[in-house]
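Peer 1: after the sequence you'll find the predicted model.
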Amino acid sequence: MDIGYYVVGFIDLLGQQDRLRSLRSLPDKSDKDQMKQFTNDLKGTYGVVSGMRNIFELYFNSFSKKKYDLSMFTLEQRKIYKQLTNNPIQIKSFSDSIVVSVALRTDKAKLPTGGVWGIFSAAASTALLSLAAGHPIRGGIDVGLGMEIERGEIYGPCLSRAYSLESKIAGYPRIVVGKECLKYLEVTAEQKQNDIISKIGAASAAECMKLLTIDDDGCAIIDYLGDFFLNAVGKGLEKDIIEKAFNNVIQFSEKFRKENNTKIAFKYTLLRSYMEHRLNSIGRDSDRHTTTSHT
């Protein structure tokens, strides 16, 4: 078994446990109302999880093929660049969670930072789109040793770190990036640029870090409302996606507040704070939404 370094993301779709509890028994096929309710429950559980996985994979495949300005390179260097490929993404799903991993090995003309860029960009897009659809996610991404014990199934400290970030550190719907991943990107961005591979690798690592921001508690998080993401990655998103996502956060916040569920209500207060700060910085009128939510 090969063991090496991997970047791993553990992403959890929140709020699914209550939906799963509604699936208590098989419906009576002759009862149209039961069949309709059962079908809706399945769509709200498996359908949502399947959709999240498909969105993530779609965006990863798109963003991991990032193109760079090659005008400064010689014809021979451009040929070398065209031979660079990303290590294949592996996605494993279980229950309401998915694990995504990419090997950081550099043999066979690989560009591992392209895989990191793909995971970061896909995570940002999936987080925003899922929130707009009313299905918030929470996750952790980190780098560590690991091995593929079965096809697509990663095992090792890399998975443990990503899971720990999601389950113990993230707290509210956000995606936290661990210290080892940050260290890997910093070292790669500052490496000596002796050839086109190291130059592209350094540029890619630097851009990966631009997709992050430091949250109030000091954690690095995926900044899906940051200027860099919106300009470099999110141009193709529908204009009302951000507004839908923010309105859903307000509704979640109000729902749990009315239910006196202090713990979860506070989590959405934190998410709302992040979004309001970003919305103000990109010139959106978040105060209008805030006023509307209390009417």
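Peer 2: Cool, the structure landed.
Peer 1: contacts, neighbours, all on C-alpha from now
Peer 2: Will do.
Peer 1: helices along the stretch 1-150 of the chain, start to end?
Peer 2: 16-21, 32-42, 48-63, 75-83, 112-132 (DSSP state H, counting those that start in this stretch).
Peer 1: rank those helices by mean pLDDT and give me the bottom one.
Peer 2: Comparing mean pLDDT across the helices of the stretch 1-150 of the chain, the weakest is helix 16-21, with a mean of 55.
Peer 1: low-confidence ranges in the chain?
Peer 2: 15-28, 34, 36-50, 60-74, 77-78, 80-87, 106-110, 236, 238, 282-295 (pLDDT under 70).
Peer 1: the longest strand in it is where?
Peer 2: Selection of the longest strand in the chain by residue count, based on DSSP state E, yields strand 137-150.
Peer 1: residues touching the residue most central in space within the chain, list them.
Peer 2: Residue closest to the mean C-alpha point of the chain, counted by C-alpha atoms, centre = their mean, is A123 at 1.8 Å. Residues in contact with A123, defined by C-alpha atoms under 8 Å, 6 or more residues apart in numbering, are 56, 175, 222.
Peer 1: the same query, at a cut-off of 6 Å, please.
Peer 2: A123 makes no contacts at all, as judged by C-alpha atoms under 6 Å, 6 or more residues apart in numbering.
Peer 1: relative to F266, how far out is it?
Peer 2: 23 Å (C-alpha to C-alpha, to the nearest Å).
Peer 1: just Y5 next, same as before
Peer 2: With C-alpha to C-alpha as the criterion, Y5 and F266 are 36 Å apart.
Peer 1: centre of the chain to stretch 124-142, how far?
Peer 2: 6 Å (C-alpha atoms, centre = their mean, to the nearest Å).
Peer 1: first vs last residue of stretch 254-268, how far apart are they?
Peer 2: Span of stretch 254-268 from end to end, C-alpha to C-alpha: 9 Å.
Peer 1: quick one: buried residues of that stretch?
Peer 2: Neighbour-count burial for stretch 254-268 flags 254, 256-257, 264-265, 267-268 (criterion: 16 or more other C-alpha atoms under 10 Å).
Peer 1: check stretch 88-95 too.
Peer 2: For stretch 88-95, by 16+ other C-alpha under 10 Å, it's 89-91, 93.
Peer 1: domain ranges for this structure?
Peer 2: By the record's domain assignment, the chain is partitioned as 3-236, 241-293 (automatic domain parsing).
Peer 1: now the first one, how far from the centre of its chain.
Peer 2: In terms of C-alpha atoms, centre = their mean, the centre of domain 3-236 is set 5 Å apart from its chain centre.
Peer 1: and for the shortest one?
Peer 2: Relative to the mean C-alpha coordinate of its chain, domain 241-293 is positioned 20 Å out (C-alpha atoms, centre = their mean).
Peer 1: how about the strands in the stretch 151-295 of the chain?
Peer 2: For the stretch 151-295 of the chain, the strands defined by DSSP state E, counting those that start in this stretch occupy 153-155, 175-177, 212-214, 220-222.
Peer 1: let me have those strands in CSV, extended by distance to A203.
Peer 2: Below are those laid out as CSV (distance: least, C-alpha to C-alpha, whole Å):
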stretch, distance to A203
strand 153-155, 28
strand 175-177, 19
strand 212-214, 15
strand 220-222, 18
